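Q: Pasting the sequence and the predicted coordinates here, then a few questions.
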Amino acid sequence: MFETPRMPPEAANEPQPDQPRGNIDEEHFARLYETNIDRLVTMAVRKFQVPAVDAEGLAHEVFLSYLKRKDEIRDLNGWLVGAICNASRYYWRKLGRNTEQLDVAVAAERPDPSTTNILNTLVARIAAGEALAGLPPRYQNILKLRYLEGYSIKEIADHLGVTSKYMQKLVTKCLRRAEELFGDSGQGKKK
Amino acid sequence: MKHSDDLAHLAECASCRERFTGNVVALDAARRNRKREFTATAARLERERDATADVVIRHLHDTPPGEWPRLAETPELRNNAALEQMSEEVRRRLHRNPREAMAIANLSASIAESLPPNQYPPVILAQLRANAWKDRASTLRYLACYDEALEAAERGEEALAGFASLEHDRAVVRLVKGMILAQQERFDEAHAMLSECRQMFRDYNDIGRYVQAGLSEANTLYKGARHAEAASLLEDLLRDAIGAEDLESEARIHNNLGHCATNLGDFAGANIHFSEAVAKFTDLGFTAEVPRTEFGAGIVLIGRGQITAGLARLRQARLAFTAAGMVDEAGLCELRIVEVLIDRGEEAEARALTQNIIEEFTAAGLDEQAIAAVVRLRDAIDVDDVTAETVRTVHAFVKSLPVTNAP
């Protein structure tokens, strides 16, 4: 008879003997994380243009999911690379699906929200872009996280490892700096 | 200078950050928290695995199977390690006791679905739930309950849907789903899904599952009479199986290549592949697989008009079944030989073989109805009142009876 696989998928790989088991070696896991996290985040950001905050989250999930599969992984490096690449693809697929409009008639009735009112908002968006461009990269990043990507003060504070109170001050400072720059360029006076 | 001014400066000045490494770490607190979560979860899972060794086997042994559903409330079984052991038990019992495997898969799904959301990080909860549903799907597939199996596989997919990082787990569930679709003869859907899974396993360098998915994908192509495509895929898989030194997969791939070659009219190639499969199964000590391979090869060769080569394979199969003590399968194989002999007008040999079956079935204490059917066949040959169709009817009847060998 034509053969199909006899074993169910969970039996495809045998356990690997060199994994920590019995004596729990937290150091081993900590080292594993430290050694690989930057590489995985960098891959997600550079190769797939995943925003840095989300790339950190994806890489962390990859590590957690590894814990359930670790006994069957023969090539850790290959597995981690495969995992972060596919996680990044899935990330974009999910975002893509949310904005997908295949039917032209429906699309005409429900225009892309990012282009609605574009004539009214375009000037403001160009101005915001110019103001951001004049700021130091760290200020740009903070304002983008807060006002373009919509993160809360607390989330940005956690991400940057500072207190919420300090982050609130920093956001105010960034805004003030942007306002100064915008005013200096003469654009603000047109308001 | 105030403390907050220090922090503001350090936040902006890369060179100072580098000098004050302590502050760099402080700015990376989110990652530190994540690392802490990872190591704490790793330690917890390992502790549970160590502390609960054999807990599932003990409980299953000490509890009547009818009461297994009650075990879902047992605190010792409500953790990841116990669920992993249940998954292993499902796998072990699937072939020899599918009903028990089903009961364990149900228990596992019931526990996985009722674990509190704070017991593990969400991604791990999703994995263990998906795995439990996948086991249930596998078992239902084995029991030929395909609609329910599909539903279980879809529950597994749902559990994973919110997690981008679980593409490997998703592929494992979809591998089972693809196999179910193939058994429902939805070959195009099955082929697309299995092909996608195969690529995914390749991405993860998971060669074992890559070959498994490929074998299933080739099966859907073969069933859809796309023999050349199936052969091409199997050739690729063979290279990977050889690279991974996976002798069992090599044997199965050779067997399947033999079937493809036969259907493509390449009988010499088919012979080589079947012989390779037999040799590898023999090396592995898979005594039951050797005659089954010979038998399958014989049937497909005869079906393609290669009577002499096919008969030779069937005779080899019969000898190997007998040597392995598989009397019922040896008898069924002999009946196929009798069918061919009757078709060729070689009644004398057909009668001798039929008599041989009667003696072997009687000696092995097989079902009396089976023996009586073969006796009637022999008598019909004696009075020259038999056709190949008669033999096929007897074969189908004997095959439908439960195996009742004497111990």
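A: Yep, it's here.
Q: Going by C-alpha atoms from here, please, whenever you check contacts or count neighbours.
A: Noted.
Q: I'd like the average pLDDT over stretch B:130-144.
A: Stretch B:130-144 carries an average pLDDT of 94.
Q: Likewise for stretch A:169-177?
A: Averaged over stretch A:169-177, pLDDT sits at 88.
Q: which bits of the stretch 151-300 of chain B sit near chain A?
A: Within the stretch 151-300 of chain B, the residues that sit near chain A (Cα under 8 Å from any Cα of the partner chain) are B:164-168, B:172, B:175-176, B:203-206, B:208-209, B:212, B:215-216, B:219, B:252-253, B:255-256, B:259, B:292-293, B:295-297.
Q: run the last query once more with 7 Å
A: Residues of the stretch 151-300 of chain B lying close to chain A (Cα under 7 Å from any Cα of the partner chain) are B:164-167, B:172, B:203-205, B:208-209, B:212, B:215-216, B:219, B:252, B:256, B:259, B:293, B:296.
Q: wait, isn't B:M102 in contact with B:R141?
A: No. With contact defined as Cα atoms under 7 Å, B:M102 does not count as touching B:R141 (10.4 Å).
Q: Now for chain B, the helix or strand with the poorest mean pLDDT.
A: helix B:21-27 (a mean of 40; mean pLDDT, DSSP states H and E).
Q: what's the closest non-adjacent residue to B:I302?
A: Of all residues not flanking B:I302 in the chain, B:G310 sits nearest, at 5.0 Å (Cα to Cα, 6 or more residues apart in numbering or on different chains).
Q: now swap in B:F201 and tell me
A: B:Y210 is the one closest to B:F201 (Cα to Cα, 6+ apart), at 5.1 Å.
Q: what about that neighbour, which helix or strand?
A: helix B:207-223 (DSSP states H and E).
Q: and that helix, what other elements does it pack with?
A: helix B:167-183, helix B:187-203, helix B:227-243 (3 or more Cα pairs under 7 Å, 6 or more residues apart in numbering or on different chains; DSSP states H and E).
Q: Now do it and helix B:167-183, the angle between them.
A: Relative orientation of helix B:207-223 versus helix B:167-183 (axes from the mean of the first three to the mean of the last three Cα atoms, to 10 degrees): 20 degrees.
Q: what's the angle between helix B:207-223 and helix B:227-243?
A: 160 degrees.
Q: With only the CA atoms kept, save helix B:207-223 in CSV.
A: The C-alpha trace of helix B:207-223 is given here as CSV (Å, rounded to 0.1, in the frame of the first residue of the first chain):
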residue,chain,number,x,y,z
ILE,B,207,13.4,17.6,9.2
GLY,B,208,11.4,14.9,10.9
ARG,B,209,8.1,16.7,10.5
TYR,B,210,9.2,18.0,7.1
VAL,B,211,9.4,14.4,5.8
GLN,B,212,6.2,13.5,7.5
ALA,B,213,4.3,16.4,5.9
GLY,B,214,6.0,15.6,2.5
LEU,B,215,4.9,11.9,2.7
SER,B,216,1.3,13.0,3.4
GLU,B,217,1.4,15.6,0.6
ALA,B,218,2.8,13.0,-1.8
ASN,B,219,-0.1,10.7,-0.7
THR,B,220,-2.7,13.4,-1.7
LEU,B,221,-1.0,13.8,-5.1
TYR,B,222,-0.9,10.0,-5.6
LYS,B,223,-4.6,9.7,-4.7
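Q: that older thread, after the least confident helix or strand of chain B, which helix or strand is next? Please name it.
A: Downstream of helix B:21-27, the first helix or strand assigned by DSSP H and E is helix B:29-51.
Q: Could I get the buried residue list for that next one?
A: Residues B:29-31, B:34-36, B:38-39, B:41-49 are the ones in helix B:29-51 that count as buried (16 or more other Cα atoms under 10 Å in any protein chain shown).
Q: helices and strands around it, which ones?
A: By 3+ Cα pairs under 7 Å, 6+ apart, helix B:29-51 packs against helix A:26-42, helix A:52-69, helix A:153-160.
Q: Of the ones you listed, which is nearest B:P65?
A: Nearest to B:P65, of all those, is helix A:52-69, at 28.2 Å by Cα to Cα.
Q: avg pLDDT for the helix or strand just after that closest one?
A: Scanning forward in sequence from helix A:52-69 by DSSP H and E, the next helix or strand is helix A:76-98. Over the span of helix A:76-98, the pLDDT mean works out to 86.
Q: Over to stretch B:200-218?
A: Per-residue pLDDT over stretch B:200-218 has a mean of 93.
Q: Same question for stretch B:346-364.
A: Confidence for stretch B:346-364, expressed as mean pLDDT, is 93.
Q: re earlier: check which residues of the helix holding B:Y210 are buried.
A: B:207-222.
Q: Run through the neighbouring helices and strands of the host helix or strand of A:F182.
A: A:F182 is part of helix A:164-184, with elements assigned from DSSP H and E. With contacts defined as 3+ Cα pairs under 7 Å, 6+ apart, helix A:164-184 has these neighbours: helix A:118-133, helix A:137-143, helix A:153-160.
Q: which stretches of the chain have low pLDDT?
A: Assuming you mean chain A. Per-residue confidence for chain A (pLDDT under 70) gives these ranges: A:1-24, A:97-125, A:184-191.
Q: hm, I was asking about chain B
A: B:1-28, B:402-407.
Q: What sits closest to B:S87 if chain neighbours are left out?
A: That would be B:D135: by Cα to Cα, 6+ apart, it lies 6.7 Å from B:S87.
Q: Check chain A for the residue nearest chain B and tell me.
A: Residue nearest to chain B within chain A: A:G161 (4.0 Å; Cα to the nearest Cα).
Q: Next, give phi and psi for that residue.
A: Backbone torsions for A:G161, taken as degrees, to the nearest 10, come to phi 70, psi 30.
Q: ok, it touching B:A29?
A: Yes. When contacts are counted by Cα under 7 Å, A:G161 is listed as touching B:A29 (4.5 Å).
Q: Now do the contacts for the residue nearest to B:L264 when sequence neighbours are not counted.
A: Sequence neighbours aside, B:H227 is the residue nearest to B:L264 in space, at 6.8 Å (criterion: Cα to Cα, 6+ apart). The contact partners of B:H227, by Cα atoms under 7 Å, 6 or more residues apart in numbering or on different chains, come to B:221, B:260, B:263-264.
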